[in-house]
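Enquirer: I need the structure of the sequence given here:
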Amino acid sequence: MTDDDNATVKGPLDGIRVIDWTMWQFGPVATMMLADLGAEVIKVESLDGDHGRQYSRVSGIGTDEFGRLSSHYFEALNRQKRGIALNLKHPDGKRVMQKLVEKSDVFVQNFRQGVAERLGLGYDDLNELNPRIVYGSATGYGPEGPDSGKPTFALTGEARSGSLWWGGPDDGVPYNMQGMADQIAGIMLSYGVLGALMHRERYGVGQRVDASHLGSLMWLGGMRDGIALLAGKEVQRQDRTEVNNILWHSYKCKDGKWIALSMNQGERFWPPFCAGIERPDLVEDPRFSTTEARLNNRVELIEMLDAIFATKTRDHWGQALDAAGDLIWERVQSTMDLPNDPQVIANNYLIDFDHHMLGQTKWHQTPLTYSETPLSTRKMAPALGEDTEVVLTEMLDYTWDDITKLQEAGVIL
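Expert: Alright, predicted model coming up:
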């Protein structure tokens, strides 16, 4: 898919302009989602770029294809955006940003508390320029409270929210979630911006929206934490051999592939499940015949089921469980399985794009479908300052003489 293929495809936010003054992951995720919905997103970077461009290694994957100009990390988080590079410490650079704000609908920033205000880019400053502006602010711990100004990244947000105890074995060791905080907080911030845009369309005024690592992760764990808060005690992690429901569990098959069961109604599903695994005798076995009995004997039963699933391939067990009735199971996949998944393909959860450096590649698309305003991927992440001259001349009415003077003054690249 190329830019020309998507030139006429417009999402539900077509006509909305977003100024993206963010870096790393939290803010860029939020603005990329708005871009996926059709908004025009202009990413504003410093003259040395979003630090994510220099993120040389993520989970063992390097960035040799890009050198210091970009990275897999940056590319994955900044598609769909136009890019300009400004020296915001120079008054002329600040003026460019102010002119952009005057002609935009949304402004998003994820700098430590106080940074935007010191540069004259806080909410109060921009609201004077454009009372209709929706100002999205990404923070670590929320806008209020004694720690509102503390610096944070994903892991510290995950630690503070309690989410490092959600997964993994019950061995007393925190479980690294590998950046989930940034992803869910970015989703939450984009959701907040959409709500503010709706309010503005109805009442004509903008407002500030804040989303944080701490609050977003607490919300992500809402079911788990909700139970804990109501019961007055922590929900415990469980070792694989001691899960409370053996029908809500994963088992390794003969071919080394895993199958996941997701059946909470034990009394309903236990008989057909036993038929599917060719062990109807277990239905009447007093050790396993009731939900309580299976819970009390779960260690023994899990060992038994591990041995049963290890005798046949996953394809065999999938067909057998389907034949036994309306049982709920699924194959356990890895990331590299997803491009070949027919459901992923049919719903365009991954899209193809001819990247200018990487060639034919696959990319996540915001997983929403609209009957009248379908989403599309129009372009990849911008090179540093790629659109500076176009934005200044075509959108802000700067002349080419102005461009030369700004370059000579070190305001733009």
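Enquirer: alpha carbons only for contacts and neighbour counts from here, please
Expert: OK.
Enquirer: domain boundaries for this protein, per the record?
Expert: By the assignment in automatic domain parsing, the chain contains the domains 4-223+371-408, 243-335.
Enquirer: out of these, flag the one nearest V235.
Expert: Closest to V235 of the domains of the chain is domain 4-223+371-408 (C-alpha to C-alpha; 8.6 Å).
Enquirer: sorry, back to before: least reliable of the domains of the chain going by mean pLDDT?
Expert: Among the domains of the chain, domain 4-223+371-408 carries the lowest mean pLDDT, a mean of 88.
Enquirer: would you agree R160 is in contact with L214?
Expert: Yes: between R160 and L214 there is a contact under C-alpha atoms under 8 Å: 6.6 Å.
Enquirer: which one of these two has more residues nearby?
Expert: L214 (24 against 16; other C-alpha atoms under 10 Å).
Enquirer: next, give phi and psi for S334.
Expert: The phi and psi values for S334, taken as degrees, to the nearest 10, are phi -110, psi 170.
Enquirer: next one: it from S262, what distance?
Expert: 18 Å (C-alpha to C-alpha, to the nearest Å).
Enquirer: neighbour count winner among those two?
Expert: With neighbours defined as other C-alpha under 10 Å, S334 and S262 compare such that S262 has more, 15 against 7.
Enquirer: on that earlier part again, any idea which of the domains of the chain is most buried?
Expert: domain 4-223+371-408 (a mean of 19; mean count of other C-alpha atoms under 10 Å).
Enquirer: give me the distance between it and the centre of its chain.
Expert: Centroid displacement of domain 4-223+371-408 relative to its chain, using C-alpha atoms, centre = their mean, to the nearest Å, is 13 Å.
Enquirer: next one: stretch 350-357
Expert: Centroid separation for stretch 350-357 versus its chain: 19 Å, with C-alpha atoms, centre = their mean.
Enquirer: so the nearest residue to L413 once chain neighbours are set aside is in which element?
Expert: Closest residue to L413 apart from its sequence neighbours, by C-alpha to C-alpha, 6 or more residues apart in numbering: Q407 at 5.8 Å. Applying DSSP states H and E as the criterion places Q407 in helix 400-408.
Enquirer: mind checking the longest helix of the chain?
Expert: helix 180-203 (DSSP state H).
Enquirer: relative to the very next helix or strand once past that one, what are the paired strands and their orientations?
Expert: For helix 180-203, the following helix or strand on the C-terminal side (DSSP H and E) is strand 208-212. Counting by DSSP bridges, the strands paired with strand 208-212 are strand 134-139 (parallel).
Enquirer: and the contacts of the partner strand?
Expert: 26-27, 105-113, 123, 148, 185-186, 189, 192-193, 196-197, 206-213 (C-alpha atoms under 8 Å, 6 or more residues apart in numbering).
Enquirer: CA-only coordinates of it in CSV, if you can.
Expert: Presented in CSV, the C-alpha positions along strand 134-139 are these (Å, rounded to 0.1, in the frame of the first residue of the first chain):
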residue,chain,number,x,y,z
VAL,A,134,-7.6,20.7,23.3
TYR,A,135,-4.4,20.4,25.3
GLY,A,136,-3.3,16.8,26.0
SER,A,137,-0.8,16.3,28.7
ALA,A,138,1.0,12.9,29.4
THR,A,139,2.4,12.5,32.9
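Enquirer: quick check: angle from it to helix 180-203?
Expert: Per axes from the mean of the first three to the mean of the last three C-alpha atoms, to 10 degrees, the angle that strand 134-139 makes with helix 180-203 is 160 degrees.
Enquirer: ranges for the strands of this protein?
Expert: Taking DSSP state E as the criterion, the chain contains strands spanning 17-21, 40-45, 82-85, 106-109, 134-139, 208-212, 250-252, 258-261, 329-331, 350-355, 359-364.
Enquirer: from what I see, E386 and L86 are in contact.
Expert: No: shown here, E386 and L86 do not form a contact pair, counting by C-alpha under 8 Å, at 11.6 Å.
Enquirer: how close does D124 get to W248?
Expert: 51 Å.
Enquirer: relative to A196, how far out is the closest residue to L338 other than its chain neighbours?
Expert: Nearest residue to L338, sequence neighbours excluded (C-alpha to C-alpha, 6+ apart): V344, at 6.6 Å. Separation of V344 from A196 (C-alpha to C-alpha): 31 Å.
Enquirer: ok so, going back, pipe the domains of the chain into JSON lines and attach distance to L350 per row.
Expert: Output for those, formatted as JSON lines (distance: least, C-alpha to C-alpha, whole Å):
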{"stretch": "domain 4-223+371-408", "distance to L350": "10"}
{"stretch": "domain 243-335", "distance to L350": "11"}
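Enquirer: mind checking which of those domains is nearest Y349?
Expert: Across the domains of the chain, closest to Y349 is domain 4-223+371-408 (C-alpha to C-alpha), at 10.7 Å.
Enquirer: ramachandran angles for the residue nearest to K254 when sequence neighbours are not counted?
Expert: Residue nearest to K254 in three dimensions, not counting chain neighbours: A310, with 4.4 Å by C-alpha to C-alpha, 6+ apart. Main-chain dihedrals, A310, degrees, to the nearest 10: phi -70, psi -10.
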